[in-house]
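Visitor: next come a sequence and a model predicted from it.
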Amino acid sequence: NRASLGDSVRSDFPILSTTFSGNQLVYLDNAATSQKPRRVLDALVGYYHQANANIGRGYYQLSHRSTDSYDRARSVVQGALNAEHAEEIVFVPGTTAALNLLADTWGRAIVGAGDQVVVTGMEHNSNLLPWRRLCDAAAAELVVVPAGQDGRVRAEAFADAMGPRVRLAAVTHVSNVLGTVNPVSEMAAHAHRAGVPIVVDGAQAVPHRRVDVRELGADFYCFSGHKAYGPMGIGVLYGRRDLLHQLPPYQVGGGTVKGVSTTGPVQYVPAPARLEAGTPHVAGAVALAEAFGYLSDLGWEAIQAHDELLVRAAVDAIGRLPGARVLGDPAVEPSGIVSFVVDGIHPYDIGGHLDAHGIAVRCGVHCANTFVDTFGVVGTVRLSFGVYNTESEVDAVGRALRTVQPGSWTREHPNERFL
Ligand code: PMP
């Protein structure tokens, strides 16, 4: 039943009973981080209760148990992404870490002076700055394929950028600002025709759709567990096996080597261990696997129908508000995000007003300054939905917005530095 997913799963999320100033929390900042269901929290704590030991290092049963848990988590993620091999899954702290790893290892190895790296005009800073810095260091050129005002990159425009100097492309799957979806499989096909490998930032896609890395044609695919009902501090870098094995070591240290001497050659182990130096976040990986189990039990069809319902309800509610405008077209392939502006009212005024009603949203430029700039606005208000949100919460936003005034929020924005 489409209408009831939010109501039926709310009790899985302990934090949702929190109140602020007498209002029950309406949490609509899921694109920043999602809340965690009890079963993910239990898996996290359960690991420490029953399996905690360092992995791959101990000759005792508890260490084997821990190692098995970690290996199982990798297989679960492999299955969830339909990756061909478990060793194509590298556990990292999150999307930002994965993208920096790629730029600092593979990027440095293959991008030289005069080469080009292609990104889109709708990237989060985490999929822009690592490539920007790489290009600056290598005297290479960063080429930006702009998105249209609908919030999508046209596959043909991307194909036109695939010239002979391009070494790699890095594109977002779903916009964290608008919730719009790029034609990634077409873009990947164009890139491959030109011999260019493609990195996909899947941070906003993984919580909302079944991602099949092979169907997409992604050579690398990155995401964060914490936006997909898993814990903070764990994320995934998927890499096609042949490419992953070409990656030089990133951080070096424990777990990355077969043979070491102080002066002679150092022999590194193959990926994924080569790229997971030091003690990994085993509990995080275990809990992330549990989050995928949770999503698959809810079912992707139900999740997408739920996203569609809430996105349409939000677009309607904002459409009824005088002077309000939704940016892009988030209802084409709903991904749980709706961004809007209201004439003459600063996004912070709106965010502050909603907060006074217990409604948590993100406002500003959402770490995608250059993309938001193309809309000629100082920022947007972003509603982003999770599986536990309901139509009545969207109604509450609509009701609260009817009384928003310019200048209604005077407190200095506490998180301004994170814009
Ligand atoms: N890319 C996109 C599209 C995102 O939305 C985010 C998180 N807002 C990131 C990258 C960075 O993710 P993290 O902070 O978990 O590394």
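Guide: All right, it came through fine.
Visitor: my guess is Thr67 meets Ala51, correct?
Guide: No - with contact defined as C-beta atoms under 8 Å, Thr67 does not reach Ala51; the gap is 9.3 Å. To be clear about C-beta, it is placed using only N, CA and C from the backbone, and glycine gets the same treatment.
Visitor: relative to Arg72, how far out is the closest residue to Gln50 other than its chain neighbours?
Guide: Nearest residue to Gln50, sequence neighbours excluded (C-beta to C-beta, 6 or more residues apart in numbering): Arg65, at 7.6 Å. Computed as C-beta to C-beta, to the nearest Å, the Arg65 to Arg72 distance reads 11 Å.
Visitor: the two: who's more crowded?
Guide: Ranked by neighbour count (other C-beta atoms under 10 Å), Arg65 and Arg72 place Arg65 first, with 17 against 14.
Visitor: residues contacting that one?
Guide: For Arg65, the contact set (C-beta atoms under 8 Å, 6 or more residues apart in numbering) comprises Gln50, Ala51, Ala53.
Visitor: and the last one, how many neighbours?
Guide: So the one you mean is Ala53. Neighbours around Ala53, by other C-beta under 10 Å: 16.
Visitor: quick one: name the residues of the chain near the ligand.
Guide: Residues of the chain lying close to the ligand by C-beta under 6 Å from any ligand atom are 31, 94-96, 124, 126-127, 172, 176, 201, 203-204, 224, 367.
Visitor: closest point of the stretch 251-400 of the chain to the ligand, which residue?
Guide: For the stretch 251-400 of the chain and the ligand, the shortest gap (C-beta to the nearest ligand atom) falls at Cys367, measuring 5.7 Å.
Visitor: please, which helix or strand holds that residue?
Guide: Using DSSP states H and E, Cys367 falls within no helix or strand.
Visitor: quick one, grab the pLDDT at it.
Guide: pLDDT for Cys367: 94.
Visitor: make 469 the first number, not 1, from now on.
Guide: Got it, the first residue is 469 from now on, which makes the last one we talked about Cys835.
Visitor: any idea how many residues pack against it?
Guide: Neighbour count of Cys835, defined by other C-beta under 10 Å: 21.
Visitor: can you tell me how far it is from Val783?
Guide: Cys835 is 23 Å from Val783, by C-beta to C-beta.
Visitor: can you check Ile702 too?
Guide: Following C-beta to C-beta, the distance that separates Ile702 from Val783 is 33 Å.
Visitor: of these two, who's got more company?
Guide: Each of Ile702 and Val783 has its neighbours counted (other C-beta under 10 Å); Ile702 has more, 27 against 18.
Visitor: where do the strands sit along the stretch 619-768 of the chain?
Guide: 634-640, 666-669, 688-692, 703-707, 725-727, 735-736 (DSSP state E, counting those that start in this stretch).
Visitor: quick one: buried residues of the fifth one?
Guide: Just to be clear, that refers to strand 725-727. Neighbour counts using 16 or more other C-beta atoms under 10 Å place Val725 of strand 725-727 among the buried residues.
Visitor: tell me the pLDDT of the spatially most central residue of the chain.
Guide: When C-alpha atoms, centre = their mean is applied to the chain, the residue found nearest the centroid is Ala671 (1.3 Å). Among the per-residue scores, Ala671 holds a pLDDT of 98.
Visitor: would you confirm that it contacts Ser692?
Guide: Yes - in this structure Ala671 lies within contact range of Ser692 using C-beta under 8 Å: 5.4 Å.
Visitor: okay, and the common contacts of the two?
Guide: Thr563.
Visitor: which one of the strands of the stretch 619-768 of the chain has the lowest average pLDDT?
Guide: Taking the mean pLDDT of those, strand 725-727 comes last: a mean of 91.
Visitor: quick one: end-to-end length of stretch 845-861, please.
Guide: Stretch 845-861 has an end-to-end distance of 26 Å (C-alpha to C-alpha, to the nearest Å).
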